[in-house]
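> here you go, sequence then predicted model.
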2 protein chains.
Amino acid sequence: MMFDLSKKTKICIEKVKGVPGYVCRKIWKVGRDDPRRVIHAFKVGFSLTLVSLLYLLEPLFKGVGKNAIWAVMTVVVVLEFTAGATICKGLNRGFGTLLAASLAFLFELIAREYGQVFRAFLIGASVFLIGTATTFLRFFPRIKKNYDYGVLIFLLTFNLITVSSYRADDILKLAHGRISTIAIGCGVCILMSLFIFPNWSGEDLHYSTVSKIEGLAKAIEACVDKYFKDDETDIEIDETQEDPIYKNYKAVLDSKSTDETLAHHSSWEPRHSLHCYKFPGKQYVKVGAVLRHFGYSIVALHGSLQTEIRTPRSVRMLFKDPCIRLASEVTKTLNVLAASIRTRRHCSPEILTEHLQSALQDLNHALKSQPRLFLGPDGPNNTSKMLALVAATGRQRSESPLARKSTESPSFSKGTPTGAEKRVLRPTLSKLAITSLEFSEALPFAAFAALLVELVARLDIVIEEVEELGRVACFKEYKHENDVI
Amino acid sequence: MMFDLSKKTKICIEKVKGVPGYVCRKIWKVGRDDPRRVIHAFKVGFSLTLVSLLYLLEPLFKGVGKNAIWAVMTVVVVLEFTAGATICKGLNRGFGTLLAASLAFLFELIAREYGQVFRAFLIGASVFLIGTATTFLRFFPRIKKNYDYGVLIFLLTFNLITVSSYRADDILKLAHGRISTIAIGCGVCILMSLFIFPNWSGEDLHYSTVSKIEGLAKAIEACVDKYFKDDETDIEIDETQEDPIYKNYKAVLDSKSTDETLAHHSSWEPRHSLHCYKFPGKQYVKVGAVLRHFGYSIVALHGSLQTEIRTPRSVRMLFKDPCIRLASEVTKTLNVLAASIRTRRHCSPEILTEHLQSALQDLNHALKSQPRLFLGPDGPNNTSKMLALVAATGRQRSESPLARKSTESPSFSKGTPTGAEKRVLRPTLSKLAITSLEFSEALPFAAFAALLVELVARLDIVIEEVEELGRVACFKEYKHENDVI
């Protein structure tokens, strides 16, 4: 019993001894993942010490007085990780405070005429009214999205000033002191975030878009590799850890709110207006949306690896090369797009489409060149019927491009007529690839091929939006050497 | 010219006249969409007036003094829409303040021994150190998720107390006054949110899960209906407004962050611990994750309506009934699951699986009963080979269920061995449906059917997680009458 207890104590001590090591590793990991975090932490510490000097140094304290505390408060609340977020919060706080102070004065002017009891009643009523109205205002989607913090600060300041005006003598002086110290605090925050190791929301958005595209490329490659590998090995790999394919595309699937926050903050950043353009946050959000849509297809492709029956190995081997080629072209295209965004340089759309087209045609030829798999009597007849239908659809599509449009959410529906003609060919070819898959054994393969071709069709929309991004963001001209990656 | 100007003015006046109407309609809409918003606004107004009385009424003011302003501040910042969010913020604020005050006293005790200059230096250093460390702490994912607000308040309070201690005489009294008024503010907030028309995050999560499942059901129904409709009418409908199919499933796709926030807030709500169970927020998040995964298949299904070539009408008509039946069984199952969650009552898993199985078998029979579409020479031989493979896979699956597991993210991998046997049959049947689709014309249809069957496979996982939810959340017993919906 005694021995058991001392053993337990030993284990406990061992565990406690492990804690500092664990914490150190954790701290090291968080810092190494993004060293800007360490810098930001020091920036906050430094800013706080700076505004504390208002209180600690005699000459400064004489100027500002006890209100210096509001500067400390402002720095704690306003200084955020990225410049955009800081400016957004700082300006919201500034304008909210100013507006609230003005309104509070108006009420004060009205209330001053009357006796103490009526004044108390009036203050109570105004607090109730403004509180109710402001809270309701925060439910409006547009206000919630852009000015939520400002409205909150408005309510806070209005209440503080109105309520304290009841027992303060010189409300004007009080408000003046507070507003000026809040302004000092906001100023310190904005200066720190703009000029000392600034982190830009726009840059974050930019690079997260690049890494999302690269992740998708990796996921496609892994999916196709796995599909054409032998069955036995796969299952063993799966059990050990998180699915590597899933890991690559999961960041894309849930990117909506992050993207929108970054885009919103980036719209407050002044840096880009010095160049020829405003930072096109909205277009990045659009690219994010089409990437998400592209990602859903990869989820389906990934699903088809596991839930469906495997096509016999012999059939898979027949189409292994063209499928892998098509997938590698999609991957390459995605990587070119990622590189184009990273270097802020246009890529050549012709080169992209050329390779994809020839890969699609390859797959098409491979499917056609297996006559022994073709259906006997109905075969050719049926193929010609399909071809007619394809041609008809192709024409219809070039006349009204809404067939593709309606797949997407309304935000993508902005037409780019310049690229319309050259894009007609690609979906048509895609259809050929599917419709000529007319042979017996390859049916489970049909679903896989269809998804692969669907990917190409969606890639089209991704290319379109990235090109639009290039236009809006004034990417540099396309350079020929740059293409050889 | 003059006429032109007056015309413009008139238009301008017309526009301005339109503004109040627009604003009123907007206000009415926001209020009608969720009447709890109006109630919440009044609750905030009332609470603010209540704490203002601390300042306005003479006897109360004598007790609390100027610190009453901190109660107002607390109410503005802490009172949130749902009870869980309010309690989370209130407790975070309370503990953050207490901890900061204790630490500040410690520093104060050390600093008191020394002279004014050294004290100032010590205060500056401690502000810098604590500011840096705390900001860095906020980057840890777990702390950011659960205690971000508390850490912020800790930093704020620590700075306020430490800095003002430099020039205040009785720091203990100051801190005591503030903490007690903050406690009053937090108390008012928590009472208001718990007892006066409370909004529960748990309820929100519960009903949003129900409506997501119902939306998915509607989307599947609409997809299948559209697929088997004639081509011409569809295109006209699409142009007029947002795609109704997209509208139904879009809420599911981007639900991750909302779900997680609601689940986090619901974990602070005490209401459910009075019953036999804790509110199973985590299980709701899991259900949300499998629903999202299910939703990705619907996106693919939706995509196959538009980007691919249409299967000839004759082929589609052949399989219209079984496909529509399968889809309606999936829809019905989803609706039963939704009703089960809404009424917090178990549903009978047998009835669910029975109907689905017979619908799958129907489709299977329909595919088999078209001998004229079957391949001549290789046909039967090949089918028997497939059947052998299916049987082998079925066996393998019952031995180690990781084939299905690996489709999902690791969070779903919790095995439920009780249901394993009865589930083996369904995926096996699914495969039969695909592998026997061996005929000429129906190839583009193959992809559609494959996705439909994939949906059934994923529905399986949804059923599993909803059943788990029923277990964890102590749903009521299954009642037979209840099933007739």
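Cool, got the structure. Bear in mind the structure is a predicted one, so any value in this text is a computation, not a measurement.
> just for the stretch 351-485 of chain A, where's the confidence low?
A:351, A:364, A:366-444, A:446, A:479-485 (pLDDT under 70).
> tell me the contacts of residue A:101?
For residue A:101, the contact set (C-beta atoms under 8 Å, 6 or more residues apart in numbering or on different chains) comprises A:157, A:161, A:175, A:179. The way it works is simple: take the backbone N, C-alpha and C, and place the C-beta from them, glycine included.
> if we go to 6 Å?
By C-beta atoms under 6 Å, 6 or more residues apart in numbering or on different chains, the contact list for residue A:101 reads residue A:175.
> residue A:136 too?
Neighbours of residue A:136 in contact, by C-beta under 6 Å, 6+ apart: residue B:41.
> for it, grab phi and psi.
phi -60, psi -40 (degrees, to the nearest 10).
> so how far is the helix or strand hosting residue A:330 off the chain centroid?
Residue A:330 is located in helix A:313-342, with elements delineated by DSSP states H and E. How far helix A:313-342 lies from its chain's middle: 25 Å, per C-alpha atoms, centre = their mean, to the nearest Å.
> what does stretch A:104-122 give?
Mean-position distance between stretch A:104-122 and its chain equals 49 Å (C-alpha atoms, centre = their mean).
> and that stretch, how far apart are its ends?
End-to-end distance for stretch A:104-122, by C-alpha to C-alpha, to the nearest Å: 12 Å.
> need the residues that contact that stretch.
Outside stretch A:104-122, the residues touching it (C-beta under 6 Å, 6+ apart) are A:126, A:158, A:161, A:162, A:165, B:56.
> let me know the helix or strand that the residue lying closest to the second one once chain neighbours are set aside is in.
I take that to be residue A:158. For residue A:158, ignoring the flanking residues on the chain, the nearest one in space by C-beta to C-beta, 6 or more residues apart in numbering or on different chains is residue A:100 at 3.9 Å. For residue A:100, the element it lies in under DSSP H and E is helix A:83-112.
> buried residues in that helix?
By neighbour count with 16 or more other C-beta atoms under 10 Å in any protein chain shown, helix A:83-112 contains the buried residues A:83-94, A:96-101, A:103-105, A:107-108, A:111.
> please tell me how far it is from the chain's geometric centre.
In terms of C-alpha atoms, centre = their mean, the centre of helix A:83-112 is set 31 Å apart from its chain centre.
> residue B:76 is in contact with residue A:155, correct?
Yes: contact criterion C-beta atoms under 6 Å: residue A:155 and residue B:76 qualify, at 5.5 Å.
> so how far is chain B from the closest residue to residue A:168 other than its chain neighbours?
Closest residue to residue A:168 apart from its sequence neighbours, by C-beta to C-beta, 6+ apart: residue A:174 at 5.5 Å. Separation of residue A:174 from chain B (C-beta to the nearest C-beta, to the nearest Å): 11 Å.
> surely residue A:174 is in a helix?
Yes: counting by DSSP: H, G, I helix; E, B strand; the rest coil, residue A:174 falls inside a helix.
> can you count the residues close to it?
Around residue A:174 there are 17 other residues, counting by other C-beta atoms under 10 Å in any protein chain shown.
> what ranges do the helices span in the stretch 1-150 of chain A?
A:2-33, A:36-56, A:58-64, A:68-78, A:83-112, A:116-137, A:141-165 (DSSP state H, counting those that start in this stretch).
> hey, which of these is tucked in deepest?
helix A:68-78 (a mean of 25; mean count of other C-beta atoms under 10 Å in any protein chain shown).
> ok, and what's touching that helix?
Counting by C-beta under 6 Å, 6+ apart, A:47-48, A:51, A:54-55, A:89-90, A:93, A:178, A:181-182, A:184-186, A:189, B:155-156, B:159-160, B:163-164 sit against helix A:68-78.
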